[in-house]
Each structure stands twice: as C-alpha cells, then as structure tokens.
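Chemist: sequence first, then the predicted structure, then my questions.
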Amino acid sequence: MSLHSIPEKEIVAIILYTSLFFMIVAVVLIIFFYFSRQKIIQKELEKVDLILRYQKEQLHAVIITQEEERKRIAQDLHDDISSKLNIVSLNSHLLTAPNLTESETAEITENIINLTTKALENSRKIAHNLLPPVFEKFGLNAGIEELCEEFETSKSVKTHYKNEIDFDDKDLDRHLHIFRILQELMNNSLRHGKATEIWISFINIEGVNTCNYEDNGIGFDSSNAENQKGLGMKNIDSRISFLEGTIKITSEINNGIAVNFTF
C-alpha cells in the first residue's frame with residue numbers, strides 16, 4: 001500500500017502519535033535522570049555528612065584528651081611540685097627563727113636540699129612525659145627503645161622491639177603521633193590487658209610504612225564495636241587520621257591483641 005493511498009487524517013494521526021510517543025519517552029528519560037541524579041546527590045550528601053560526623057567525633061576526642069592531659073599535668077604539678085615547694089618555703093622561714101642551734105639549722109637545711117632535689121626530679125619526670133628528651137634528640141627509633149626499657153623496669157612485662165625502617169629525623173611531628181599511639185597501646189596492654197609480653201615491629205611493605213603490635217594479654221571481643229569506642233581508641237583513630245594511614249585491630253578473649261597500622 002502506497003503512502004498516497006493512506007488518508008490524510010491517518011497520516012496526521014500517525015505523526016501525532018509518533019511525536020507523542022517520543023515526547024513521553026523524552027519526559028520519562030528526563031524524570032529518570034532527574035531522580036537518578038537526586039539519588040546520587042543524596043548519597044554524596046550522606047557521605048559528606050558521615051565524614052563530617054567522623055571528623056567531629058575525632059575533634060571531640062582530641063579536645064577531651066587534651067583536657068584530661070591538662071588535668072593530669074596540673075595534678076602532677078600540685079602533688080609533686082607545689083606541695084614540696086610549700087614545705088621548702090616553711091623550712092626557709094624556720095631558718096630565720098632566733099636562737100636556732102647549729103644542729104637544728106643543719107637539719108632544716110638538709111630538709112630543704114632533699115625536698116628541692118625531689119621537686120627537681122619530679123619536674124623532670126613531668127617534662128619527660130610531655131616530650132621525652134631522647135625522642136626529641138635522637139628520633140622515633142631511640143624514643144621507642146627507651147619506652148620499652150621504661151616498661152621493662154616494672155618487671156611485669158617483657159618487650160620485643162624490631163625496626164626495619166630508616167626514619168627521617170626531620171619528620172618528628174608525624175613521628176610523635178606514632179610514638180603516642182604505641183604509648184597508648186602499651187599502657188592499655190599493661191593496665192587493661194594484663195599482658196606480660198609485648199611485640200612491636202616496623203616494616204616497609206611495598207612502599208607502605210607499617211607497624212605491627214601484639215601482646216599476650218587477656219584480650220577482648222574485637223567483633224563487638226562497643227569495645228573499640230573508648231577514649232584511648234578514639235585518640236588513636238584521630239592520630240591515624242592525621243597520619244593518613246589505616247588501622248586494623250584484632251583480638252579474642254584470652255588471646256591477646258594484634259594491631260596493624262600504616263603511616
């Protein structure tokens with residue numbers, strides 16, 4: 001059948017229906033792409049919201065940690081320094097008292113010297129806890145060696161430390177975060193994990209600096225997210241975030257803990 005044999009009205013109807021079909025398809029495609037785009041935007045907003053929430057939690061953890069550290073330092077200064085200096089002040093006033101015998105003067109002077117010496121030792125300990133001089137002078141490797149030695153002086157834990165990375169001494173700011181992470185982990189192993197042995201090793205795996213940490217403590221159920229929400233762990237997470245690294249914690253009850261983090 002030729003086109004000339006089709007009535008004009010039918011041709012117009014065919015054109016109209018065809019145009020309407022393509023218009024409907026176009027509208028459906030526009031609606032589809034619109035809602036698809038909306039879903040993508042919604043997912044991106046949710047992702048950004050999660051990131052912001054995570055950063056807010058990390059910042060909150062850092063602020064709380066700083067406040068706790070300030071309180072600890074203030075308490076140490078009050079207990080170990082201020083109280084001793086007050087007694088030194090009282091003894092100094094005693095020296096001005098009339099009719100002191102030579103033996104009394106010698107005794108008071110000896111007390112002042114002893115208290116001053118103890119106050120000086122305690123102030124050095126406080127300063128050492130803030131930034132260990134060995135770490136500041138000789139770098140991360142020496143700082144961790146000294147940290148292990150300090151823990152071993154308690155006679156309750158044995159440490160095993162191995163390092164295969166040549167740390168850049170100019171990168172002390174980043175290294176301080178690594179030092180604090182290990183300090184937190186070791187404190188947790190001793191205080192909460194009741195560990196008697198700790199293993200620390202640094203190794204470069206395919207260009208990525210990695211630290212492996214293990215202990216033989218009582219462990220915990222790492223599959224339970226609630227066990228990893230403590231202030232100490234949030235502080236560690238914030239430091240890992242600063243280092244742009246990753247962290248994996250594996251532990252079982254009565255089977256110690258294994259921590260692997262990159263930096």
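Modeler: Cool, got the structure.

Chemist: what does the pLDDT read for the residue sitting nearest the centre point of the chain?
Modeler: Nearest to the mean C-alpha position of the chain, by Cα atoms, centre = their mean, lies I236 at 1.9 Å. With respect to pLDDT, I236 scores 89.

Chemist: go on, T117?
Modeler: Predicted confidence (pLDDT) for T117: 87.

Chemist: how deep is L190 tucked in, by neighbour count?
Modeler: 18 (other Cβ atoms under 10 Å). For glycine as for every other residue, the C-beta is placed from the backbone atoms N, C-alpha and C.

Chemist: nope, I203 is what I meant
Modeler: Residues lying near I203 (other Cβ under 10 Å) number 13.

Chemist: buried residues in the strand or helix carrying N187?
Modeler: For N187, the host element (DSSP states H and E) is helix 172-191. Buried residues in helix 172-191, counting neighbours by 16 or more other Cβ atoms under 10 Å, are found at 172, 174-179, 181-186, 188-190.

Chemist: could you identify the helix or strand that succeeds that helix?
Modeler: strand 197-205.

Chemist: from the contact counts, what lies against that following strand?
Modeler: helix 140-152, strand 158-163, helix 172-191, strand 208-215 (3 or more Cβ pairs under 8 Å, 6 or more residues apart in numbering; DSSP states H and E).

Chemist: can you do 7 Å?
Modeler: Judged by 3 or more Cβ pairs under 7 Å, 6 or more residues apart in numbering; DSSP states H and E, the packing partners of strand 197-205 are strand 158-163, helix 172-191, strand 208-215.

Chemist: angle of the helix or strand of the chain with the lowest mean pLDDT against helix 172-191?
Modeler: Counting by mean pLDDT, DSSP states H and E, the weakest-scoring helix or strand in the chain turns out to be helix 8-76, with a mean of 78. Going by axes from the mean of the first three to the mean of the last three Cα atoms, to 10 degrees, helix 8-76 is angled at 70 degrees with respect to helix 172-191.

Chemist: SS state for T250?
Modeler: Assigned by DSSP: H, G, I helix; E, B strand; the rest coil, the conformation of T250 is strand.

Chemist: same check, this time on L100
Modeler: Applying three-state DSSP: L100 is coil.

Chemist: outside of the helix holding N187, which residues touch it?
Modeler: Contact partners of helix 172-191, identified using Cβ atoms under 7 Å, 6 or more residues apart in numbering, comprise 135, 139-140, 143-144, 147, 151, 157, 167, 195, 198, 200, 211, 213, 215, 217, 232, 235-236, 239, 242-243, 259, 261, 263.

Chemist: any idea how far H192 is from A258?
Modeler: 16 Å (Cβ to Cβ, to the nearest Å).

Chemist: among the buried residues of helix 172-191, which one sits closest to S103?
Modeler: Distance to S103, by Cβ to Cβ, is smallest for L190 among the buried residues of helix 172-191, at 46.4 Å.

Chemist: for that closest one, give me the pLDDT.
Modeler: Predicted confidence (pLDDT) for L190: 90.

Chemist: ok, N141 next?
Modeler: The model's pLDDT for N141 equals 94.

Chemist: and the angle for the helix holding N187 with strand 197-205?
Modeler: 150 degrees.

Chemist: so D169: helix, strand or coil?
Modeler: D169 - assigned by three-state DSSP - is coil.

Chemist: hang on, the earlier thing: what is the following helix or strand past the least confident helix or strand of the chain packed up against?
Modeler: Following helix 8-76 in sequence order, the next helix or strand is helix 83-94 (DSSP H and E). Packing partners of helix 83-94 (3+ Cβ pairs under 7 Å, 6+ apart): helix 102-130.
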